[in-house]
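Student: could you work out the structure for the sequence below:
(one chain, ligands or ions: 1)
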Amino acid sequence: MIEFYLDSVDIKQVSRLHACLPLKGVTTNPTILAKAKLGVNQVLPEIAFIIGSEARFHVQVVSQTVDDIVEEAIQIDALPYDMVVKIPATETGLAAIKIIKDKDIKVLATAIYSVQQGIIAALSGADYLAPYVNRMDTMGCDGVKVVADLQLLIAQQGLNCKLLPASFKNTLQVIEVMKLGVKAITIPIGIAIQMMEHPAVIPAVEQFNQDWNAVFGAKLSYES
Ligand code: G3P
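Tutor: Next comes the predicted model:
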């Protein structure tokens, strides 16, 4: 089954959605943590408590040099959870990924904006790639097509690398990349909620209740 992540550290909403979705864990980035004004050491224990010890966390490095990224990745990996280290797929980041792969640390190459950049990150040893679907769409580039091309190239090269598309602003984008058979995905809270909603659902359920109550009152189905 697809690894399904929430791209959020909103504890209340993660808890709400964990109750009804098969969550593998959460993905974070420096912007998400900064906006929440919550650090990794505040967020991870709370979310691990909600999801359970099997929760997987994707945490991004903020270091700027190869050596510093490698050291930060080692420290992130040492956190007492199932950790994946997110590294931006820049020239510096790719150099760090090559080194980190020899250390048996799980790596996600993030900030993927093109097929070219993505396949290089996969060839460098990334375990996951995060193509930014909506950000590419808003730049006039077909984000779903980039994911499809990466999927093809990864398969052709026989690489052990999962696509984990990120950056979604509507549910159609989510379904289009899922139809490609990606093995992981991360979506924002609002989009996850939208995926469960349809304007016809609540009226349909209310009608069922009305019809039932009119004939059987408070009886439950097995009591009727
Ligand atoms: O981590 C990357 C992802 O969160 C980007 O999403 O919504 O900022 O484009 P967005």
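Student: how about low-confidence regions in the chain?
Tutor: Along the chain, no part satisfies pLDDT under 70.
Student: what parts of it come near the ligand?
Tutor: Contact residues, the chain versus the ligand (CB under 6 Å from any ligand atom): 7, 29, 110, 132, 134-135, 166-167. C-beta here means a position set from N, CA and C on the backbone, and glycine is covered the same way.
Student: swap the cut-off to 8 Å and go again
Tutor: For the chain, the contact set with the ligand under CB under 8 Å from any ligand atom comprises 7, 27-29, 31-32, 60, 86, 110-111, 130, 132, 134-135, 166-169, 186, 188.
Student: got a list of contacts for stretch 100-112?
Tutor: For stretch 100-112, the surrounding residues in contact (CB atoms under 8 Å, 6 or more residues apart in numbering) are 29, 58, 60, 69-70, 73-74, 77, 83-90, 93-94, 97, 118, 121-122, 124-132, 146, 150, 164, 166.
Student: same thing but at 7 Å, please
Tutor: Residues from elsewhere that reach stretch 100-112 (CB atoms under 7 Å, 6 or more residues apart in numbering): 58, 60, 70, 73-74, 77, 83-89, 97, 118, 121, 125-132, 164.
Student: ok, longest helix in this protein?
Tutor: helix 201-216 (DSSP state H).
Student: return the distance of that one from the chain's centre.
Tutor: A distance of 37 Å separates the centroid of the chain from that of helix 201-216, by CA atoms, centre = their mean, to the nearest Å.
Student: let me see the ranges of the helices in this structure.
Tutor: Using DSSP H, helices in the chain cover 11-18, 30-36, 40-51, 66-77, 91-101, 115-123, 133-138, 143-156, 171-179, 189-196, 201-216.
Student: any chance of these in JSON lines, plus mean neighbour count and distance to Glu3?
Tutor: As requested, those are exported to JSON lines (neighbours: other CB atoms under 10 Å; distance: least, CB to CB, whole Å):
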{"stretch": "helix 11-18", "mean neighbour count": "16", "distance to Glu3": "14"}
{"stretch": "helix 30-36", "mean neighbour count": "13", "distance to Glu3": "18"}
{"stretch": "helix 40-51", "mean neighbour count": "17", "distance to Glu3": "12"}
{"stretch": "helix 66-77", "mean neighbour count": "17", "distance to Glu3": "18"}
{"stretch": "helix 91-101", "mean neighbour count": "19", "distance to Glu3": "20"}
{"stretch": "helix 115-123", "mean neighbour count": "20", "distance to Glu3": "17"}
{"stretch": "helix 133-138", "mean neighbour count": "19", "distance to Glu3": "16"}
{"stretch": "helix 143-156", "mean neighbour count": "18", "distance to Glu3": "15"}
{"stretch": "helix 171-179", "mean neighbour count": "16", "distance to Glu3": "12"}
{"stretch": "helix 189-196", "mean neighbour count": "16", "distance to Glu3": "14"}
{"stretch": "helix 201-216", "mean neighbour count": "10", "distance to Glu3": "27"}
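Student: so what pairs up with the closest residue to Asp7 other than its chain neighbours in the strands?
Tutor: Excluding its sequence neighbours, the residue lying closest to Asp7 (CB to CB, 6 or more residues apart in numbering) is Thr186, at 4.3 Å. For Thr186, the beta-bridge partners under DSSP bridges are Tyr5.
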